[in-house]
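Colleague: Dropping a prediction and its sequence here:
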Amino acid sequence: MGARIALLFSALLIPVFAFSQTPHSDIAVSALGNFPFQSKGGDVTIDGTNGGGGAVNYRLYFKTHSAIELGYGYTHGTFYYAVDQSSVGGGIISLQQSSSYHEMTAAYVYHFWDDHRFKPFVEAGGGGVIFKPGGSAVSNQLFGASTQGRGAYLFGGGLDYHFRQHLTARMMYRMLAFKAPDFFGAGLTTHSWMRTSAPQIGIAYRF
């Protein structure tokens, strides 16, 4: 999974360097929120807890209004699985799994108002999320849960505020979507997408 994501990043950067005129860059460190929506498919419903973490994003500006952004984000949360077995004479089976999220993404960013102190932007792209199970054992935890990678896509927007020559305050909101993780547990796959609301706020250094 990691090799595929690295290959994606490289493929996106090739045209950037080929057509750059006067490129410059910035790197941002941000607080990251993670607010997942419910995913449901078949007899399985998956919910996730809200969580927080951090992110690092690198942007390469290759035209006046355009940039490529590479990002890494980390958050942690718990997934709750409800399996409805009423059709076979059972009830609702409840399971849970604590997990860290490691997201690696690449996106195209378009900026407005390039000569203003305030610069709104929009972005869209993709990448992957790696879910690594962990946390304290509980009685209804998934048995044999394994690390799992999922492809993802994202879109969103935000605002840059340049308050120093090389410093920018950055606020952004992204929607990240991926196939809901099942940690390779039998009968836990929804075959549907799970979306997360992922706001960020941080500081970028331009160089």
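Modeller: Sure thing, it's come through.

Colleague: check which helix or strand covers the nearest residue in space to Asn140 that is not next to it in sequence.
Modeller: Closest residue to Asn140 apart from its sequence neighbours, by CB to CB, 6 or more residues apart in numbering: Leu95 at 5.2 Å. In short, each C-beta sits where N, CA and C put it, glycine included. Using DSSP states H and E, Leu95 sits in strand 92-111.

Colleague: Show me which residues of that strand are buried.
Modeller: 95-107, 109, 111 (16 or more other CB atoms under 10 Å).

Colleague: what's the helix or strand following that strand packed up against?
Modeller: The element immediately downstream of strand 92-111 (helix or strand, assigned by DSSP H and E) is strand 118-133. Helices and strands touching strand 118-133, as assessed by 3 or more CB pairs under 8 Å, 6 or more residues apart in numbering; DSSP states H and E, comprise helix 2-19, strand 66-84, strand 92-111, strand 148-162, strand 167-179.

Colleague: Quick one: mean pLDDT over the second one.
Modeller: When you say that, I think you mean strand 66-84. Mean pLDDT, computed over strand 66-84, is 95.

Colleague: how long is stretch 142-154 from one end to the other?
Modeller: Using CA to CA, to the nearest Å, the end-to-end distance of stretch 142-154 comes to 28 Å.

Colleague: if we can go back for a sec, ok, the residue nearest to Asn140 - contacts?
Modeller: Contacts of Leu95 were listed using CB atoms under 8 Å, 6 or more residues apart in numbering, and they are Tyr80, Tyr81, Val83, Asn140, Gln141, Leu142, Gly185, Leu188.

Colleague: can you pull the pLDDT of it?
Modeller: Looking at Leu95, the pLDDT reads 93.

Colleague: Distance of it relative to Pro133?
Modeller: As for Leu95, its distance to Pro133 is 12 Å (criterion: CB to CB, to the nearest Å).
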